[in-house]
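J.: Sequence and predicted structure are below.
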Amino acid sequence: MHVTEAPERGEKKSSEGSVNRDAVLARVATEKRLSLVRAWEESEKSKAENKAHKKLSSIGAWENTMKATVEAELKKEEEKLEKEKAQYVEKMKNKVALIHKSAEEKRAMIEAKRGEDLLKAEEMAAKWRATGTSPTKLLGCFGS
């Protein structure tokens, strides 16, 4: 009886060992699968981060390029407007100078005419004094 009992215990141990072995192998396979899943997940996350970073950098570079282009265009337009303004100011100053010149010429003509009229009046007065006559027409508002 002892002989039969011992092999039964051995068989129980070997079947317990194979159950444990199967459980350990299953656990190892599960851990291996989970490890692969974690590695894949990390790889995909890293790819997504790198892709997003690359696109963000690209957008930043595009933004900087576009800003520089617009700022250069703005500067060019400002310079153009400044040049046009300077030309317009010069044109207006020339107009003012022409107006001043014309006014001076008109003043000179009036002064010359006044001088002629005064000289004429003096000559007429001298003539009337010399001849002893009086003017036939005084001022227009005093009739003779």
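T.: It's in. Everything numeric here is computed off the predicted structure, so don't read it as measured data. Numbers count the residues shown, from 1 in each chain.

J.: how much space is there between the residue nearest the centre of the chain and residue 64?
T.: Residue closest to the average C-alpha location in the chain (C-alpha atoms, centre = their mean): residue 71, at 5.2 Å. Per C-beta to C-beta, to the nearest Å, residue 71 is found 10 Å from residue 64. Using the backbone N, CA and C atoms, a C-beta is placed for each residue, glycine as well.

J.: List phi and psi for the residue nearest to the centre of the chain.
T.: Phi and psi for residue 71, reported as degrees, to the nearest 10, are phi -60, psi -40.

J.: how far away is it from residue 25?
T.: From residue 71 to residue 25 the distance is 68 Å (C-beta to C-beta).

J.: One more: residue 86?
T.: 91 Å.

J.: Next: residue 125.
T.: For residue 125 relative to residue 25 (C-beta to C-beta), the value is 147 Å.

J.: And residue 45, by the same measure?
T.: Look at residue 45 and residue 25: by C-beta to C-beta, they are 30 Å apart.

J.: all helices for the chain, in order.
T.: Remark: helices of the chain, listed N- to C-terminal, are 2-131; assignment by DSSP state H.

J.: Give me the below-cutoff pLDDT ranges for it.
T.: 1-17, 138-144 (pLDDT under 70).

J.: give me that answer again for 90
T.: Low-confidence segments of the chain (pLDDT under 90): 1-22, 132-144.

J.: ok, now which ones touch residue 40?
T.: If you count contacts by C-beta atoms under 8 Å, 6 or more residues apart in numbering, residue 40 has none.

J.: cool, residue 130 as well?
T.: Residue 130 neighbours (C-beta under 8 Å, 6+ apart): none.

J.: didn't residue 128 look like it was pressed against residue 135?
T.: Yes - the criterion here is C-beta atoms under 8 Å, and residue 128 meets it with residue 135 at 6.3 Å.
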